[in-house]
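[1] Pasting the sequence and the predicted model now:
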Amino acid sequence: MDNFTVGVVVFPGSNCDRDVSWALEGCLDIRTKYLWHESSDLSDVDAIVLPGGFSYGDYLRCGAIARFSPLINALDDFVKSGRRVLGICNGFQILTESGFLPGALTTNKNLNFICDDVELDIVSSKGGWFNDGVEKQTIKLPIAHGEGRYHCDSDTLKKLVDNELISLRYKNNPNGSSFDIAGITNEKGNVLGLMPHPERACDETIGGTDGLFTLKSLILK
Amino acid sequence: MDQFAVKVFVRLRPSVLDPAGEATKSASIKLGAEGIKSLRIGKMIEVKIEGNGENEVREKIDLLCDRLFANTVIEDYEYSLEKL
């Protein structure tokens, strides 16, 4: 795993790209490489993180414009190859807008931008993103979003439940998400999107380490 | 080539909660407006577009609405079209 490299995508308006890179390199000793959104060459990265922020100013809808970048166009083959993609916050919004994950993320029920630590239940460890071997059932991660209310129709929700695609649920739903959903995976398990920020919970000095496992699992096959 | 003015209306689907609409409804009532039963907020997008006839332009607008202007998971769209 010496040469394992995680690509951290940078859109105009991304603002958690450096946090993700710092958490991976500084806390986990995993090599990273910034990928500008206009790049479509993903041949030298082994996994990809779509970080939080406000890509393209969140114009039209969060993640709607990012979907048309060359990098997102190249992501389809990357995902099909089985390599892992983690979308955090705005990254999760981009993954739903571009159809890699079902549903949509829209305005928080109470209209507030919520910046807080939240308790999350690990519902499924599909893809191994949250299975830390000690059977930890609840984790605490920070959230920071104004448009994090997960919405999907009842057929999609049934599919998510039946196929164990719901990874995380809020203990005290802060934004009105359907079924308290905070994070989901695709059917294969190699794509995870979540609203909470694991990269902001990778060091005890900033309040916790519950995000470490998820970032570390980027190196899983 | 014909030129058309298109007005696209994008609305949250009826089943999707509209918190901004609810907040505006609440402010409308505080302003003293009576009888408001429902208030929901959408978007209007104005496009000027060229094409060979109305059918070709409608095809282009349908594509834009379906793939970009609206997220059909949570939104519906409709549009009106005027030849200039």
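    Thanks, I have it.

[2] for A:Asp44, helix, strand, or coil?
    Classification of A:Asp44 by DSSP: H, G, I helix; E, B strand; the rest coil places it in coil.

[3] Run through the residues of chain A sitting next to chain B.
    By the rule Cβ under 8 Å from any Cβ of the partner chain, the part of chain A lying against chain B is A:60-61, A:64, A:68, A:96-97, A:102-104, A:106-111, A:149, A:151-153, A:176. Every C-beta, even on glycine, is put in place using the N, C-alpha and C of the backbone.

[4] Please enumerate the helices of chain B.
    B:19-30, B:53-64 (DSSP state H).

[5] Which of these comes out lowest on mean pLDDT?
    Mean pLDDT is lowest for helix B:19-30 among the helices of chain B, at a mean of 93.

[6] Least confident secondary structure element in chain B?
    helix B:19-30 (a mean of 93; mean pLDDT, DSSP states H and E).

[7] Would it count as contacting chain A?
    Yes - with Cβ under 8 Å from any Cβ as the criterion, chain A is reached by helix B:19-30 at B:Pro19, B:Ala20, B:Ala23.

[8] burial of the last one, as a residue count?
    Burial of B:Ala23 is recorded as 14 neighbouring residues (other Cβ atoms under 10 Å in any protein chain shown).

[9] Not counting sequence-adjacent ones, nearest residue to it?
    A:Leu111 (5.8 Å; Cβ to Cβ, 6 or more residues apart in numbering or on different chains).

[10] Show the backbone phi and psi for the one you found.
    phi 70, psi -10 (degrees, to the nearest 10).

[11] Contact partners for it?
    Going by Cβ atoms under 8 Å, 6 or more residues apart in numbering or on different chains, A:Leu111 touches A:Gly146, B:Pro19, B:Ala20, B:Ala23.

[12] State which one residue of chain A is found closest to chain B.
    Using Cβ to the nearest Cβ, the single residue of chain A nearest to chain B is A:Ala104, 4.1 Å away.

[13] can you map out the strands along chain A?
    A:5-10, A:31-36, A:47-50, A:84-88, A:104-106, A:114-122, A:138-145, A:149-151, A:166-170, A:181-185, A:191-194 (DSSP state E).

[14] Check which helices and strands the second one is in contact with.
    The helices and strands touching strand A:31-36, judged by 3 or more Cβ pairs under 8 Å, 6 or more residues apart in numbering or on different chains; DSSP states H and E, are strand A:5-10, helix A:17-22.
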